[in-house]
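>>> When you get a sec, could you give me coordinates for this:
(one chain, ligands or ions: 1)
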Amino acid sequence: MAILLACLGGFAAQAAEGVKVVVRATLDGKPVADAVVSATPLDHPVPPPTLQAIAEIEQKDQEFRPFVTAIQVGSTVKFPNHDTVQHHIYSLSKAKRFEIPLYQAGATESVVFDQPGLISLGCNIHDWMLAYIVVLPTPYFAKTDASGAGILPSLPLGRYRLEIWHPRAPAPVVQEITSAPDSVSSLEFAVALKPDKRIRRAPTGKATDY
Ligand SMILES: [Cu+2]
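Okay, here's the model as predicted:
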C-alpha cells in the first residue's frame, strides 16, 4: 500500500523537463531505491519503443547488476558475463520464459522482451542470484536511485495510469493522474515495504547492493 502525497489534482509535465518523482518508505521516510514508476497513457496512443532499445544486466561477482531493470516492451536486454565462472540464467515468469545455458566468461547473449510483465531472473548454479526486469507498456518510466529519486520523461498532456512497483511492495500502487498545464512538476510517494528477505549472498562477499 502507498499513500499518494502529491498530484491528486493535475500536475505539470511541461515541455522537455520531465517529472521528478521521489519514493520514500512509509515506515521511516527513508529514500527507496529500485522503485519503478511508470505512466501509461489512457487517452492517447502509446509511442512505440525506440528501435535498438537495449539494456544490460551483467553478471559480476556472482550477482546480477543492476538488481532492477525497467524497459519498454519490445526492448532487448543483453546479459554479459563478467565473471570467470559460468552462469545459467533462467526466467520462469509468464511474460517471458527463457534460459541461457552455461556460457563462458566474457560472453554476451541477449533476449527480446515482447510482452509486458514482471520478469524474475535466477541462476541455476548460484541460488542467491536474483534480479528483476519490469517490462512496461509505455516509454514513460523511471527507476529511483539511492536518493529515492527518478525523472519521468516529459508527459504529453492527458490522463495516465501511474504505477509504482518495488520488489518489496506487496502489490504495485496504481493511481490515475492527469498531465495538465500549470501544476506541480514533481511527485512524492510513500510506499510500505516488506522486510528484505534476501539473506544469501555471493560467497565473494563483494556484493554491495544489499
Ligand atoms: Cu550464476
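>>> Can you tell me which residue sits nearest the middle of this protein?
In the chain, the residue lying closest to the centroid (CA atoms, centre = their mean) is Ala70, at 3.5 Å.
>>> Does that residue touch Thr144 like I think?
No. In this structure, Ala70 is not within contact of Thr144 by CB atoms under 8 Å, at 10.2 Å. (Glycine included, C-beta is placed from N, CA and C.)
>>> Could you tell me which residues touch both of the two?
Common contacts of Ala70 and Thr144 (CB atoms under 8 Å, 6 or more residues apart in numbering): Val36.
>>> picking up where we left off before, the helix or strand the residue nearest to the centre of the chain falls within pairs with which strands?
According to DSSP states H and E, Ala70 maps onto strand 68-72. When pairs are called by DSSP bridges, strand 68-72 turns out to pair with strand 130-136 (parallel).
>>> May I have the residues that are in contact with the residue nearest to the centre of the chain?
Taking CB under 8 Å, 6+ apart as the test, what Ala70 contacts is Val36, Ser38, Ile133, Val134, Leu136, Phe141, Ala142, Lys143.
>>> rerun at 10 Å
Counting by CB atoms under 10 Å, 6 or more residues apart in numbering, Ala70 touches 34-38, 55, 132-136, 141-143, 150, 165.
>>> Which strand residues bridge it?
Bridge pairing for Ala70 - DSSP bridges - gives Val134.
>>> For whichever helix or strand comes after the strand holding Ala70, give the mean pLDDT please.
Later in the chain than strand 68-72, the nearest helix or strand by DSSP H and E is strand 76-80. For strand 76-80, mean pLDDT rounds to 95.
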